[in-house]
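Undergrad: Just to be clear, the model below is a prediction. Sequence and coordinates:
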2 protein chains.
Amino acid sequence: MTNRTRLGQPTAPSAQESLERCGRMVLPALRDTVDRLPPGVRHMASFAFGWSDSAGAARGGGRGKGLRPALTMLSAEAVGGSAQDAVAGAVAVELVHAFSLIHDDIMDGDELRRHQETLWKAFGVGPAMLAGDALLSLAFATVSGTAAAEAAAMLSTTLIELVDGQSEDIAFEDRPWTGADAVTVDQYTRMAANKTGSLLACSAGLGALFGGGSPTATAALATAGSRLGAGFQAIDDLLGIWGDPAVTGKPVFSDLRRRKKTLPVVFALGVDDAAHAPALAELLEADPDAFDVDLAVRQAAELIERVGGRSFTEGRAELQLAQALEVIDDVAVNRGAAAELTELARFIADRSH
Amino acid sequence: MTNRTRLGQPTAPSAQESLERCGRMVLPALRDTVDRLPPGVRHMASFAFGWSDSAGAARGGGRGKGLRPALTMLSAEAVGGSAQDAVAGAVAVELVHAFSLIHDDIMDGDELRRHQETLWKAFGVGPAMLAGDALLSLAFATVSGTAAAEAAAMLSTTLIELVDGQSEDIAFEDRPWTGADAVTVDQYTRMAANKTGSLLACSAGLGALFGGGSPTATAALATAGSRLGAGFQAIDDLLGIWGDPAVTGKPVFSDLRRRKKTLPVVFALGVDDAAHAPALAELLEADPDAFDVDLAVRQAAELIERVGGRSFTEGRAELQLAQALEVIDDVAVNRGAAAELTELARFIADRSH
């Protein structure tokens, strides 16, 4: 990621520099907050954040890039406030993010996350569920001392949207590939807005709120966050099919093997002249005992691409990012912070890293 | 439950009458709150509350007696406020209670609750986890518009204690029956205070807070709720071993069959002259393939009773109830409400109903 210089504008720090600056402010507060948990749950939380191994020994680094907290801090600055004012909001969104990953991994039965055991795999399903519940509760505790009423309301609305999105995503698994009950692009878009967009909307919105932004600026930045989330999800969907296994850490055509109804697939099955739909559905349902799965998923990916599923999703991702950047440009009163926020938004959307 | 008349004092309504009065105020607000959820999650919540069947058709009645919301409402009145002021708090504690039952049933693998399928059994583990998460989030939404900062802080502290207690209860399962690592009465007491006491403490404390009680009165009523919870749990432990299957709906010696480390067991294994402990541990561990389990659990129950586990637990329950009643008597400014609250506390502790 290189800095972009425009005539007459100062060079904004790179997204990496912004992430590091925000991390230096958020991480100590996050660790202090997690330290308030009782020992058993704290131990699991520390493992989930990558600060210790399952035996409790300290580890360097930590998981995650801190995209959401950085979005919160930069949003606070963009509306003219200070990043410091938004630390509680940044901690809250990071706790909600951690909660949602822990519960999602249980639901999806995923055993690995970022090359480490998932929490339920290391500690058991029951304890991991409880650790997630504790982090969710802690998120509310974090904002309850500050701009309490509005922040808590924003957080709980977000959580209900997030849960609704995740719940729809699960329900999509049981829907048919084709016919009247098949998932439509609109239904997919609504699900993704809830599942992925809502927490990024909350990240930006809480930042604007704590940064003292007007209700209009706060709502606008929340919208930018939501668009960014939709773009992020679209790119995730592209990587889930066409991503380089060396970069994603997942097998090639991973989402097709898992029979996920992602945007390229939903689009491909729903295009007007869908004569290919039954053939595609058959490839996606390929019984591993009867078919060569590697061949079936490659043929499915080719078919999805030929009928426009890949380019539609790429277009969607670009449009959503462009809309997010337009809102940021429109609403920000601190131009330096706006430039930094723009870099961060591009970084979030550029998932090749 | 009969009314108790004391010289010069009016007869307090029976606990049943108080529960009905509070229910008439809380239930419409609870239903309105749940109606704010998105359809999929709302459907599951409605099933969990017993308002509809798994297909979504309305059912009469509903599950649960509303003990916690009533405790909230009467606590508000006891400190001189109105029950109406405490409706948001009452809805919040009922939502947290429902959340905790849903997640507990998943963790414990329980398939029935009050003669109905549990939520995970009817809708699957993933959707049920999410429904629990949604109800927890909704609880925070409920209090966020009112005495927000303090109420949300109280709620999140409670949730973290609740999760800690549940997490310790799970960890107790892996502890040995005897030796240095065996669960002690003190450790058990701390776990139960968190697992059962904290939500009853929050129920009374939120009521006092919304009723405009002083910080001292609020803290005192929270303590009364905590004592009541400890007494409630002690009685639950007694019923888990010696309860009448016709009343509890569980098999005789149910908790011994499930190898639960409840208070009578922990006490019996830990009494000073514990020569009987290895024999008791052997009975509790009885391998169903090698032993007559019915005989083993009956012998274990007899041994626990002989060394004082039953009478110790009964004494503990009585003491905790007496302490709760003393605090209520001490702190209440509205004598009529105090009498009603006393009846409710006795009703909660008297689990033969």
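TA: Great, that's in hand. Not measured: the values here are computed from a predicted model.

Undergrad: Okay, helices next: where are they in the stretch 1-150 of chain A?
TA: A:15-34, A:39-48, A:67-78, A:87-108, A:119-123, A:125-144, A:148-173 (DSSP state H, counting those that start in this stretch).

Undergrad: The fifth one - contacts with which helices or strands?
TA: Based on contacts counted as 3 or more C-beta pairs under 8 Å, 6 or more residues apart in numbering or on different chains; DSSP states H and E, the elements that helix A:119-123 packs against are helix A:39-48, helix A:87-108, helix A:125-144. For every residue, glycine as well, the C-beta is placed using N, CA and C.

Undergrad: can you dump the C-alpha coordinates of the second one into CSV?
TA: What it means is helix A:87-108. The C-alpha atoms that make up helix A:87-108 are tabulated as CSV, following Å, rounded to 0.1, in the frame of the first residue of the first chain:
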residue,chain,number,x,y,z
VAL,A,87,-11.2,4.5,22.6
ALA,A,88,-14.2,3.1,24.6
GLY,A,89,-16.1,2.7,21.3
ALA,A,90,-13.2,1.1,19.6
VAL,A,91,-12.8,-1.4,22.4
ALA,A,92,-16.5,-2.2,22.3
VAL,A,93,-16.5,-2.9,18.5
GLU,A,94,-13.4,-5.1,18.9
LEU,A,95,-15.1,-7.1,21.7
VAL,A,96,-18.2,-7.5,19.6
HIS,A,97,-16.1,-8.7,16.7
ALA,A,98,-14.3,-11.2,18.9
PHE,A,99,-17.7,-12.4,20.3
SER,A,100,-19.1,-12.9,16.8
LEU,A,101,-16.0,-14.9,15.6
ILE,A,102,-16.2,-17.2,18.6
HIS,A,103,-19.9,-18.0,18.2
ASP,A,104,-19.6,-18.3,14.4
ASP,A,105,-16.7,-20.8,14.7
ILE,A,106,-18.9,-22.9,17.0
MET,A,107,-21.8,-22.8,14.6
ASP,A,108,-19.7,-23.5,11.6
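
Undergrad: quick check: angle from that helix to helix A:67-78?
TA: Here helix A:87-108 runs at an angle of 150 degrees relative to helix A:67-78 (axes from the mean of the first three to the mean of the last three C-alpha atoms, to 10 degrees).

Undergrad: Nearest the geometric middle of chain A, what residue?
TA: Nearest to the centroid of the C-alpha atoms of chain A, with distances taken as C-alpha atoms, centre = their mean, sits A:Thr196, at 4.9 Å.

Undergrad: returning to what we had before: check the helices and strands packed on helix A:119-123 for me and report the most buried one.
TA: Among the helices and strands packed on helix A:119-123, ranked by average contacts under mean count of other C-beta atoms under 10 Å in any protein chain shown, first place goes to helix A:125-144 (a mean of 26).

Undergrad: Next, see if it gets close to chain B.
TA: Yes - residues of helix A:125-144 contacting chain B under C-beta under 8 Å from any C-beta of the partner chain: A:125-127, A:129-134, A:136-138, A:140-141, A:143-144.

Undergrad: re the thing from before, between the helices and strands packed on helix A:119-123, which one is nearest to A:Val26?
TA: helix A:87-108 (4.7 Å; C-beta to C-beta).

Undergrad: Can you pull out the low-pLDDT segments for chain A?
TA: Scanning chain A for pLDDT under 70 picks out the ranges A:1-10, A:61, A:63, A:144-148, A:272-274, A:351-353.

Undergrad: same thing but at 80, please
TA: Applying pLDDT under 80 to chain A flags residues A:1-11, A:60-64, A:114-115, A:144-150, A:246-251, A:272-275, A:286-291, A:350-353.

Undergrad: From the centre of chain A, point out the most distant residue.
TA: Here the centre of chain A is the reference, and by C-alpha atoms, centre = their mean the most remote residue is A:Ala290, at 36.1 Å.

Undergrad: and it, helix, strand or coil?
TA: Three-state call for A:Ala290 (DSSP: H, G, I helix; E, B strand; the rest coil): coil.

Undergrad: How much space separates it from B:Ala324?
TA: Distance, A:Ala290 to B:Ala324, using C-beta to C-beta, to the nearest Å: 66 Å.

Undergrad: now A:Leu284
TA: 60 Å.

Undergrad: Count the neighbours of A:Gly62 for me.
TA: 16 (other C-beta atoms under 10 Å in any protein chain shown).

Undergrad: Contacts only, for it.
TA: Contacts for A:Gly62 (C-beta atoms under 8 Å, 6 or more residues apart in numbering or on different chains) come out as A:Leu27, A:Phe49, A:Gly50, A:Trp51.

Undergrad: Which residues of the stretch 51-200 of chain A lie near chain B?
TA: Checking the stretch 51-200 of chain A against chain B by C-beta under 8 Å from any C-beta, the hits are A:103, A:106-107, A:124-127, A:129-134, A:136-138, A:140-141, A:143-145, A:148-149, A:152-153, A:155-157, A:159-161, A:163-164, A:166-168, A:170-171.

Undergrad: rerun that using 6 Å as the cut-off
TA: A:103, A:107, A:126-127, A:129-130, A:133-134, A:137, A:140-141, A:144, A:148-149, A:152-153, A:156, A:159-160, A:163-164, A:166-167, A:170 (C-beta under 6 Å from any C-beta of the partner chain).

Undergrad: is it true that A:Ser75 touches A:Thr223?
TA: No - contact criterion C-beta atoms under 6 Å: A:Ser75 and A:Thr223 do not qualify, at 11.6 Å.

Undergrad: Compare these two (neighbour count), which wins?
TA: Between A:Ser75 and A:Thr223, A:Ser75 has the larger neighbour count (other C-beta under 10 Å), namely 36 against 18.

Undergrad: ok, the spatially closest residue to the more buried one that is not a sequence neighbour to A:Pro69 distance?
TA: Excluding its sequence neighbours, the residue lying closest to A:Ser75 (C-beta to C-beta, 6 or more residues apart in numbering or on different chains) is A:Gly207, at 3.0 Å. Shown here: A:Gly207 relative to A:Pro69, a distance of 9 Å by C-beta to C-beta.
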